[in-house]
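Peer 1: Here is my input, please return the structure:
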Amino acid sequence: MMIEKYASGSRRRSVRRSVVVMSAGALLIAHTLGAAVAGPRDQAKRIHDRITGVPPNATVLANMESLISSNRALDAALVATENPAFYTVTLKNFATPWTNREQTVFAPLNDYTATVIGMVRDDVPFNTALSADLLYTVQASGLPAYSAVNNDHYEQAEANGVDLKAALLPATQSQLLGIPPAAAAGLMTTRASAAAFFLDGTNRAMFRFTLMAHMCKDLEELQDITLPNDRIRQDVSRSPGGDSRIYLNNCVGCHTGMEPMTQAFAHYDFDETQNRLVYDPTRVDPKYFNNADTFKPGYVTPDDRWDNYWRKGQNRLLGWSPQLPGTGNGAKSLGEELGNSEAFAHCQVEKVFKAVCFRAPRNSADRGKVDQITASFKSNGYKLKQVWAETAVYCMGD
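Peer 2: Residues are numbered from 1 along each chain as shown. The predicted model follows:
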């Protein structure tokens, strides 16, 4: 009797599970079919929602629907990018994690984020993001002026709900930060970036966080122990824990490539007393000589000359531009080296794909589309707004 009762209960649970599975399957099929047969109006709404995060008004929806019906889906997506929410919300949330060590979106608007937003709005070639003498401020009544020593200008703009699409104004870092044009290195030398990544430390943070934000790679992914280690500074132990094998098989992997490139930042610092970016071309910043007794025969930084050792070895696959020499002086030329790599272009497209499609590329079709949009991005003047539009059209059926 108990066996019969148990079997009966088991059958009921089995039936219930089957119903649940069939229901889930039916919902999935319905969703797939719905996406496949969605008409131009639904497609227009999806594109607008993905780009702006807000629904379109009736006029915009009708315009986008008409464009999609005329096989002009890309033009419809570009209409969506005219909504102020794309700039004030979508792009603000997109860029903010790049500006802080915690990589959090919950940080105030700042000059780094504002400059990203302005570059997208104005179709400024984004491969110059790490090298341009450019900085966007907010033109609106009642705001404190831009300051090189605080972030009040941007925080007040955000608190007041200023429309960034209408209010952003391009200027130069050399004018606002008081550094030479040749020392202006785009997003890397904004005040927000300097405060986050030039503060204290040894300036290696600027290199690492720039790689993560704009090459979509962390140092561990780029380790190569086959390269020369002649530029590794004195502060790196050659026998950590008393074991030189750790240095030779682990530490070297990151430092051989990183050290010659972080030399580009030798004249930069963020001064906590002045609360601002400082650039002094007359000397190497003292932080480059921190812990010099750790290994006295180590490399002593003489100037801001950098070399890209990653043009050889496994990291040549990052796609360095053959039009550039792979060496130079200062952050600006290093920014040009990074910004013109294949990895930089691919990274921007991959980040937009995740933001628009709410997922990473997951199959060959997705990866093929990312490659196609990357090629288009490079050949059409590095216009990041266009990347948002192309990606939204691809994902409108998701």
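Peer 1: just checking, K217 touches H346?
Peer 2: No. When contacts are counted by Cβ atoms under 8 Å, K217 is not listed as touching H346 (10.4 Å). The way it works is simple: take the backbone N, C-alpha and C, and place the C-beta from them, glycine included.
Peer 1: Looking only at neighbour counts, state which of those two leads.
Peer 2: Taking other Cβ atoms under 10 Å, K217 and H346 do not tie; H346 has more neighbours (21 against 15).
Peer 1: Angles on the backbone of that one, please.
Peer 2: Comment: the main-chain dihedrals of H346 come out as phi -60, psi -40, following degrees, to the nearest 10.
Peer 1: next one: D235
Peer 2: Backbone dihedrals for D235, given as degrees, to the nearest 10, come out at phi -80, psi 0.
Peer 1: what residues are up against it?
Peer 2: Contacts of D235 were listed using Cβ atoms under 8 Å, 6 or more residues apart in numbering, and they are T202, N290, N291, A292, T294, F295, G298.
Peer 1: got those as a markdown table, with pLDDT and secondary structure columns?
Peer 2: Output for the contacts of D235, formatted as a markdown table (pLDDT from 0 to 100; DSSP: H, G, I helix; E, B strand; the rest coil):
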| residue | pLDDT | secondary structure |
| --- | --- | --- |
| T202 | 97 | coil |
| N290 | 96 | coil |
| N291 | 97 | coil |
| A292 | 97 | coil |
| T294 | 97 | coil |
| F295 | 97 | coil |
| G298 | 98 | coil |
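Peer 1: Can you give me the buried ones in stretch 302-317?
Peer 2: Of the residues in stretch 302-317, D304, W306, D307, N308, Y309, W310, R311, N315 count as buried by neighbour count, 16 or more other Cβ atoms under 10 Å.
Peer 1: Who are the contact partners of the third one?
Peer 2: Contact analysis of D307 by Cβ under 8 Å, 6+ apart lists R231, P260, M261, Q263, G326, T327.
Peer 1: if you set the cut-off to 6 Å instead, what comes out?
Peer 2: For D307, the set of contacting residues under the criterion of Cβ atoms under 6 Å, 6 or more residues apart in numbering consists of P260, T327.
Peer 1: so it bridges to which residues?
Peer 2: Beta-bridge pairing of D307, defined through DSSP bridges, involves T327.
Peer 1: Got a quick PyMOL command for the buried subset of the contacts of D235?
Peer 2: Here the buried members of the contacts of D235 are turned into a PyMOL selection, burial being counted by 16+ other Cβ under 10 Å:
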select buried, resi 202+295+298
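Peer 1: center of the chain, which residue is that?
Peer 2: In the chain, the centroid-proximal residue (Cα atoms, centre = their mean) is A213; its distance is 3.7 Å.
Peer 1: Could I get the contacting residues of that one?
Peer 2: Per Cβ under 6 Å, 6+ apart, neighbours of A213: W98.
Peer 1: Also F198?
Peer 2: Counted by Cβ under 6 Å, 6+ apart, F198 has contacts M206, Y268, D269, F270.
Peer 1: secondary structure class for the third one?
Peer 2: The three-state label for D269, taken from DSSP: H, G, I helix; E, B strand; the rest coil, comes out as strand.
Peer 1: I'd like to know how many residues surround it.
Peer 2: Around D269 there are 22 other residues, counting by other Cβ under 10 Å.
Peer 1: same deal with the one 10 residues further on?
Peer 2: If you count neighbours by other Cβ under 10 Å, Y279 ends up with 21.
Peer 1: The one 5 residues further on too?
Peer 2: Using other Cβ under 10 Å, the number of residues around V284 comes to 16.
Peer 1: do you know how far the closest residue to it other than its chain neighbours is from L338?
Peer 2: The shortest distance from V284 to any non-neighbouring residue, by Cβ to Cβ, 6 or more residues apart in numbering, is to A266 (4.6 Å). Look at A266 and L338: by Cβ to Cβ, to the nearest Å, they are 17 Å apart.
Peer 1: try A264
Peer 2: Relative to L338, A264 is positioned 10 Å away (criterion: Cβ to Cβ).
Peer 1: likewise A114?
Peer 2: From A114 to L338 the distance is 21 Å (Cβ to Cβ).
Peer 1: who has more neighbours, those two?
Peer 2: Taking neighbours as other Cβ under 10 Å, A114 and L338 compare with A114 leading, 29 against 26.
Peer 1: Give me the spatial nearest neighbour of that one, chain neighbours excluded.
Peer 2: Distance criterion Cβ to Cβ, 6+ apart; nearest residue to A114, sequence neighbours excluded, is Y136 at 4.6 Å.
Peer 1: Would you enumerate the residues in contact with the one you found?
Peer 2: Applying Cβ under 6 Å, 6+ apart, the residues contacting Y136 are A114, T115, G118, L168, P170.
Peer 1: same deal with H267?
Peer 2: Residues near H267 by Cβ under 6 Å, 6+ apart: Y279, D280, P281, D304.
Peer 1: Please apply the same query to W306.
Peer 2: Contacts of W306 were listed using Cβ under 6 Å, 6+ apart, and they are P260, M261, Q263, A264, L334.
Peer 1: In contact with the fourth one, which residues?
Peer 2: Spelled out, it's A264. Taking Cβ under 6 Å, 6+ apart as the test, what A264 contacts is D304, W306, G330, A331, L334.
Peer 1: among those, which are in strands?
Peer 2: W306 (DSSP state E).
Peer 1: now Q43: how far from K385?
Peer 2: With distances taken as Cβ to Cβ, Q43 is found 20 Å from K385.
Peer 1: try N291
Peer 2: Distance from N291 to K385, by Cβ to Cβ: 45 Å.
Peer 1: same deal with H48?
Peer 2: As judged by Cβ to Cβ, H48 and K385 stand 15 Å apart.
Peer 1: and those two? which has more neighbours close in?
Peer 2: Counting neighbours by other Cβ under 10 Å for H48 and for K385 shows that H48 has the greater number, 27 against 22.
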